[in-house]
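Undergrad: Need a 3D model of the following:
(chains A and B)
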2 protein chains.
Amino acid sequence: MKHTKIAELLKSDQFSQEFTAKGWVRAFRSNRFIALNDGSTINNLQCVLDFENTPEEVLKEINIGAAVAITGILKESEGKGQRVEIEVNTIEILGKADPEEVKKTILSPKRHTLEKLREQAHLRVRTNTFSAVMRLRSQLSFAVHQYFNQNGFNYVNTPIITGSDAEGAGEMFKVTNFDLNNPPKNEDGSINYKEDFFGKESNLTVSGQLEGETYALGLGQIYTFGPTFRAENSNTSRHLAEFWMIEPEVAFCDLEGNMDLAEDFIKYVLNHVLQNCDDDLAFLENRVIQEDKSKPQAERAPMALRDKLRFIVDNNFKRVSYTEAIDILKNSKPNKKKKFNYIIEEWGADLQSEHERYLVEKHFNCPVILFDYPADIKAFYMRLNEDGKTVRAMDILFPGIGEIVGGSQREERLDVLQDKMKELGVDEKELWWYLDTRRFGTCVHSGFGLGFERLVLFATGMTNIRDVIPYPRTPKNAEF
Amino acid sequence: MKHTKIAELLKSDQFSQEFTAKGWVRAFRSNRFIALNDGSTINNLQCVLDFENTPEEVLKEINIGAAVAITGILKESEGKGQRVEIEVNTIEILGKADPEEVKKTILSPKRHTLEKLREQAHLRVRTNTFSAVMRLRSQLSFAVHQYFNQNGFNYVNTPIITGSDAEGAGEMFKVTNFDLNNPPKNEDGSINYKEDFFGKESNLTVSGQLEGETYALGLGQIYTFGPTFRAENSNTSRHLAEFWMIEPEVAFCDLEGNMDLAEDFIKYVLNHVLQNCDDDLAFLENRVIQEDKSKPQAERAPMALRDKLRFIVDNNFKRVSYTEAIDILKNSKPNKKKKFNYIIEEWGADLQSEHERYLVEKHFNCPVILFDYPADIKAFYMRLNEDGKTVRAMDILFPGIGEIVGGSQREERLDVLQDKMKELGVDEKELWWYLDTRRFGTCVHSGFGLGFERLVLFATGMTNIRDVIPYPRTPKNAEF
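TA: Sure thing, here's the model as predicted:
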């Protein structure tokens, strides 16, 4: 008999009909009540067993973690906590789970730390928290594609392996086919990369932006959504060596259009999960509330998870120039009282996380878009303003997360771009193709990058970025 | 004034209204007719210039490849080939394109070979062929996500960098943070990978399947859609070192369910492009017809592109066991007349591309799903049939493409799996986490992998896989 997903059964009102459900036992009470989960929803299906007519050897194998098939009649439930239940006619054990073995794993029914769950990342998706996070991640991904598709953007797969390391967004991983014990060498003893698979040094991409620009200047509006890499020894709760990034790029779009796009986009995807993931959000919201009980008041989340998401969706992001932000920070209490680790003394200072958090969480109390940064602290491809000292850059700062978006209008003028590259020592020969886009029909264009895991962090209320990606890659960890 | 996309203008009937369009000049005839393209559609907007009132210095810069902004009145067109046109009031040159420089590139208005276009992959998306291919690729991607989302699958990002190389699907690229000139060594002279970024040897993934299984056995239905890699020196029109793969995995699903899923999925995504990409398909269809004119009859495409796609959507795939296929092949003309390079002599032979093509293109003349292959020629994780000699594997073969899908029901029985791994020398310690899924609530489950670029090849009628991905990575080539 074809089985029905538990998510459907829980919504069904086809009472007195027979259904089959398949899933994993989450709990078994009183030799009678099985809580069955199949991953289609955070909620379990209550299956009521006629234990007197169930053979002893079957009862013995209804253990937490076991896979079972249940056939029975859908009924309105008299018990608390569920609307419907299944009165079991037959139960089949599909895959056992030895209770002694389960005890050693995170499947055992007790509180496990998130660290412990990470060590068993292959099993953690069977817990409520991680199944909720991963369903939410999936829905957020879909919302990303849907937003861009509906708005006429083309999805572009920029290369993962790249022969150019010119962007300088961060340390890159090398990709090679060499036997590292014995790589071919040139006469002068250096490595002979001509012999390597790609015939040159190659790396894992840190950003698809430059390739994305070449496509935007043909297709008009494009976005990437793929893995990017940083070989940085950052063992923090906000950094991964491998993470997914979304990078739209739009021809004939200036910085204002870019800010409009980023804000509209973020609101759309967060609204999508509010509309489509309420059960998971409710669970995660409650999880944060429970976690916060053991924390001092000041460290607790200021808003319930869904309220926080609704607040983002319903309110305009505050747009503030870097220059205004510096004025605010210079005159702020923590600056005057020297509470910041880095005291803001003058225009030109690079903003630290503590400054961003002050602006977002204390001063404005809403998402902030900072724009028009000093040229000296930003990348070579950002468009120089008429003042000659600021560039058309923008960062979006989120409460609790910090920078979630970094973008800019791109320098479309060939001569200005070349001057800047010379100044910063970016190799023109490496980027001949990038410069070509400024030679042939260049135009105003803009784009941004959004670190997808930071968005998932924000939308789930989780606090460690390792807990919002299935198998996190961090220094000294590529397990599974 | 805000500009309007050309795709919208071409559909508009807001005649006599003023609009602004921005794009690139594709042609300029008689000092009067500009064909403007902005990437939103394959079709150009005809812009009619009042050249007597256009300054000479502007006229001089309306060159192929230049970016321009045009403001004017939308009118019904009297000319052939378009329904509407813009009567230009003002034209602004946004970005020039020096005709002498353009001549050196593929932007110049003459026939360029696909090889030439590949050398200028940063510009080729500005040609009709490549913009059509890339819009189609984007729509196919979206259809993939939409299909799985609508059917309750969760999108899972399995890791790109992996510490396990156990699947053995092919040669892997190494990922390292070492200075290759001087990697740290152990006392015995071997490389000390503990010092590397991840603390162990790490590689680029060849498949997300094994990690995908761990997620399917928690979330029920998942799919991956991400880049995968092969460090194989295959310089063919069907192989890339970096390509995108779609891998669904479903708990409580057997091989029949897997075949149903794959067939339904492929029909859905091809129907999506038939419904949404008719302009691009019509262009590509005509392109193939033109290309075929210079070929002998036997090498021409047997069906027009859209007819071919409709044929797939409307007809059932033929399901044939390996054993039946061997019988057909043994008794086939080319086998008897020894026309095959590899003569099929007995059951157990691995099928070559020539055999697959015979079955698909000559014998059945439709897509074919071959299933129940000999265990000896398939991977360790495929479920052994009761006959003890075949496994629940299936490949889908497409006309002109060959294998487009490879999948199987997975071996869910711990002991059988362990025996098979021992037999094939797959390290149990490496895959402890994979085996855990068979220890705790194992169940029947199945999945498949579909090479996305092969699907794009099929849907676009292109013949070289390098021409359906923006920046192809192949032996000795990681340019851009």
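Undergrad: got the domain boundaries for chain A?
TA: Structural domains annotated on chain A: A:6-105, A:172-205, as defined by automatic domain parsing.
Undergrad: want to throw those domains into CSV with distance to A:Gly461 and mean neighbour count?
TA: Any C-beta I mention is one placed from the backbone N, CA and C, and that applies to glycine too. Converted to CSV, those look like this (distance: least, Cβ to Cβ, whole Å; neighbours: other Cβ atoms under 10 Å in any protein chain shown):
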stretch, distance to A:Gly461, mean neighbour count
domain A:6-105, 14, 17
domain A:172-205, 30, 17
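Undergrad: possible to save those as JSON lines with distance to B:Glu263?
TA: Output for the domains of chain A, formatted as JSON lines (distance: least, Cβ to Cβ, whole Å):
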{"stretch": "domain A:6-105", "distance to B:Glu263": "22"}
{"stretch": "domain A:172-205", "distance to B:Glu263": "35"}
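Undergrad: quick one: low-confidence parts of chain A?
TA: A:165-169 (pLDDT under 70).
Undergrad: picking that back up, same list (the domains of chain A) but as JSON lines, adding distance to chain B.
TA: Listed next are the domains of chain A as JSON lines, based on distance: least, Cβ to the nearest Cβ, whole Å:
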{"stretch": "domain A:6-105", "distance to chain B": "4"}
{"stretch": "domain A:172-205", "distance to chain B": "4"}
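Undergrad: Strands of the stretch 201-350 of chain A, start to end?
TA: Applying DSSP state E, counting those that start in this stretch to the stretch 201-350 of chain A gives strands spanning A:202-204, A:221-229, A:242-251, A:318-321.
Undergrad: Can you add distance to B:Asp376 and give the ones you listed back as a markdown table?
TA: As requested, the strands of the stretch 201-350 of chain A are exported to a markdown table (distance: least, Cβ to Cβ, whole Å):
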| stretch | distance to B:Asp376 |
| --- | --- |
| strand A:202-204 | 36 |
| strand A:221-229 | 35 |
| strand A:242-251 | 36 |
| strand A:318-321 | 65 |
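Undergrad: so which of those comes closest to B:Lys318?
TA: Nearest to B:Lys318, of all those, is strand A:221-229, at 35.7 Å by Cβ to Cβ.
Undergrad: tell me, how many neighbours does A:Glu247 end up with?
TA: Using other Cβ atoms under 10 Å in any protein chain shown, A:Glu247 has 23 neighbouring residues.
Undergrad: contacting residues around A:Tyr223?
TA: By Cβ atoms under 8 Å, 6 or more residues apart in numbering or on different chains, the contact list for A:Tyr223 reads A:Phe148, A:Phe153, A:Asn154, A:Tyr155, A:Val156, A:Gly212, A:Ile246, A:Glu247, A:Pro248, A:Glu249.
Undergrad: same thing but 10 Å
TA: Taking Cβ atoms under 10 Å, 6 or more residues apart in numbering or on different chains, we find A:Tyr223 in contact with A:144-145, A:147-149, A:151, A:153-156, A:208, A:212, A:215-216, A:246-250, A:265, A:447-448, A:450, B:138.
Undergrad: Quick one: buried ones out of these?
TA: Under a neighbour-count criterion of 16 or more other Cβ atoms under 10 Å in any protein chain shown, the subset of the contacts of A:Tyr223 counted as buried comprises A:144-145, A:147-149, A:153-156, A:208, A:212, A:215-216, A:246-250, A:265, A:447-448, A:450, B:138.
Undergrad: can you tell me which of those residues are in helices?
TA: A:Val144, A:His145, A:Tyr147, A:Phe148, A:Asn149, A:Gly212, A:Tyr215, A:Ala216, A:Phe265, B:Ser138 (DSSP state H).
Undergrad: Point out the residues in the stretch 351-480 of chain A that sit beside chain B.
TA: When proximity is defined as Cβ under 10 Å from any Cβ of the partner chain, the stretch 351-480 of chain A approaches chain B at A:412-414, A:431-445, A:452-453, A:469-480.
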